[in-house]
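Visitor: Build the 3D model from these lines:
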Amino acid sequence: MKLLFVTSTLGSGGAERVLSILANEFCKRGNKVEVIALTNKAKDYYALDKRIKYLHAGQECCSGLLSELRWFRRHVAELKPDCVIAFMEAVYEFVLIALFRTNIPVISSERKDPRTLGPLRKMLRWFLLPTAAAHVVQTKQIRDFYRKNIRDKTVVIYNPVDEKVWEFNPTEGGKSLPRIKRIVSVGRLYHQKNQQMLIKAFAKIAVKYEQYKLIIFGEGHLRKNLEQLIADLGLQGRVLLPGRSSNVIEEVAKSEIFCLSSNFEGMSNAMIEAICVGTPIVSTKVSGTDELIIDGKNGLLVEIGNIEKLAIALEELMANKALQSKLSKEEQAMSHLFRTSSVVDQWQKLIIKVIQNNNGIKK
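Guide: Numbers count the residues shown, from 1 in each chain. Below is the predicted model of the structure:
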């Protein structure tokens, strides 16, 4: 198959990570793969197989939306891919507009909770998504949100994890690292991730649990705001913002608690990695977590924005080693759901079906 993957960037985000994994795996399986990044706003973070052709649209054509749409349409017409896979809402909208009536099938992939979009973007999505050959989401809850004409072509596929997680999964033959007394969180320093909530919750219990630290891995435009909040709460040295880490999976694996404080998600890759390495999870009830996490069985859930309840849940885990052990075992028991080979198999099955339908082949 000849496949074209389209993204905004190959920066350090979760959607970009998943796209890079899929592109590399399909290349390894003998397919001809090309990747196009529509913007140059972020430095490339994820590596692609050397056999994959990789283009930045901004370097291939003049700036401006119309110019980019025309260039993309011409380029795809010359490439003649069997299928185009577009990640993230703004990207798949661009692709669906550019390839309107070209008879080239497009699989759109939603990476965030669509219920968080504004009215104009919702209207644009309702108009464009019916023209997609298939739509991929990360949770059943998101699939059920769509109208029937879109829901009928929507498929739920979980994110694959980085294969490195299995090095730290004892049930899969990996090593078990000693746990450090700390809470770890991973995510861009954006409003969506609501690290302010996490820092304020930690402040409520920091004096009682003076051996613990809070480590937040990630980078973003809220760094200065978060640094100021840490200073205002007198938590310098207790709450750390080390930025991005190339060893983030190991950092999660050796932490006692993983916390996700987001206001919304599609499906958190960092949370999935925490599941696979068995780090006990405390999370807000956002899309993805309330589908994978059963409160009290394999994690603890709190309401979005509830600082007091988050502090209570964190303290419950910090004070109860038996609960930590129980949650860890329950998490690792479900880790097989996120194996790369299994996830890529699901994508391959969908892509083949889309191509066959586009060519009028019924099986």
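Visitor: which residue ranges form the helices in the stretch 151-300 of the chain?
Guide: Using DSSP state H, counting those that start in this stretch, the helices of the stretch 151-300 of the chain run over residues 195-205, 223-232, 248-253, 269-277, 289-292.
Visitor: Can you report how many residues neighbour the nearest residue to residue 130 once chain neighbours are set aside?
Guide: Closest residue to residue 130 apart from its sequence neighbours, by Cβ to Cβ, 6 or more residues apart in numbering: residue 149 at 5.7 Å. In short, each C-beta sits where N, CA and C put it, glycine included. By the criterion of other Cβ atoms under 10 Å, residue 149 has 10 neighbours.
Visitor: The one helix or strand residue 149 maps to: which residues count as buried?
Guide: For residue 149, the host element (DSSP states H and E) is helix 148-151. Neighbour-count burial for helix 148-151, counted by 16 or more other Cβ atoms under 10 Å, picks out residue 150.
Visitor: rewinding a little: among the helices of the stretch 151-300 of the chain, which is nearest residue 71?
Guide: helix 269-277 (30.9 Å; Cβ to Cβ).
Visitor: could you list every residue that touches the closest residue to residue 179 other than its chain neighbours?
Guide: Counting by Cβ to Cβ, 6+ apart, residue 256 is the residue found nearest to residue 179 once chain neighbours are left out, at 4.6 Å. Residue 256 sits next to 179-183, 212, 279-280, 317-318, 324 when contact means Cβ atoms under 8 Å, 6 or more residues apart in numbering.
Visitor: Quick one: buried ones out of these?
Guide: Looks like these have 179, 182-183, 212, 279-280, 317-318, 324 buried, using 16+ other Cβ under 10 Å.
Visitor: ok, of those residues, which one's closest to residue 360?
Guide: residue 279 (48.6 Å).
Visitor: That closest one contacts residue 328, correct?
Guide: Yes: judged on Cβ atoms under 8 Å, residue 279 makes contact with residue 328 at a distance of 7.1 Å.
Visitor: before we move on, back to that, pick the most buried one from the helices of the stretch 151-300 of the chain.
Guide: Mean neighbours per residue, mean count of other Cβ atoms under 10 Å, is largest over the helices of the stretch 151-300 of the chain for helix 269-277, with a mean of 27.
Visitor: Now residue 94: which helix or strand?
Guide: helix 89-98.
Visitor: Quick one: mean pLDDT for that helix?
Guide: Averaged over helix 89-98, pLDDT sits at 94.
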